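>>> Okay, predicted coordinates and the sequence, questions at the end:
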Amino acid sequence: MEKKEAYRKKFEAKLDEWKAEVDKLKAKAKQKQVDAETDYKDEIETIREKREELKGKLKKLEEAGEEAWEDLKQGIEKSSSELKNSVDRAIKKFS
């Protein structure tokens, strides 16, 4: 009878040990989820800022005279490229 009880206790101890390991994994997964959500929000905010910047430059273009629009072109191209890169980076990171 003693062997049976020792055997049972051995596996109960293993169950407790494995439960503790699972609890650690859950905590790590939760932290990774929080980190991923923060990264996601940061990427979305960057995209939003780049989009607003480009919209502002396009508004200036709309208001600019025929001679001045050439001066705005380089800034628009740069903003467009930065926005595209931000979107591409977010897609790659979260796909």
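Sure thing, it's come through. Worth saying up front: this structure is predicted, and the values here are computed from it rather than measured. Numbering: from 1, shown residues only.

>>> By residue count, what's the longest helix in this structure?
Identified as the longest helix of the chain according to DSSP state H is helix 2-63.

>>> Just the mean pLDDT for it, thanks.
In this model, helix 2-63 carries a mean pLDDT of 93.

>>> from the chain's centre, how far out does it sit?
Mean-position distance between helix 2-63 and its chain equals 10 Å (Cα atoms, centre = their mean, to the nearest Å).

>>> before we move on, what about stretch 60-67?
37 Å.

>>> Give me the distance between the two termini of that stretch.
13 Å (Cα to Cα, to the nearest Å).

>>> how about Gly65, secondary structure?
Here Gly65 is coil, with the state taken from DSSP: H, G, I helix; E, B strand; the rest coil.

>>> how far off helix 2-63 does the one helix or strand Leu72 maps to point, in degrees?
Using DSSP states H and E, Leu72 maps to helix 69-94. Using axes from the mean of the first three to the mean of the last three Cα atoms, to 10 degrees, the inter-axis angle of helix 69-94 relative to helix 2-63 is 170 degrees.

>>> Spatially central residue in this structure, please.
Centroid-nearest residue in the chain: Tyr40, 2.5 Å away (criterion: Cα atoms, centre = their mean).

>>> Could you check how far that residue is from Glu52?
In this view, Tyr40 and Glu52 are 19 Å apart by Cβ to Cβ, to the nearest Å. The way it works is simple: take the backbone N, C-alpha and C, and place the C-beta from them, glycine included.

>>> try Gln31
Taking Cβ to Cβ, one finds Gln31 at 32 Å from Glu52.

>>> repeat for Ala27
38 Å.

>>> Check Ala20 too.
Ala20 is 48 Å from Glu52, by Cβ to Cβ.

>>> same thing with Glu45?
From Glu45 over to Glu52 (counting by Cβ to Cβ), the distance is 11 Å.
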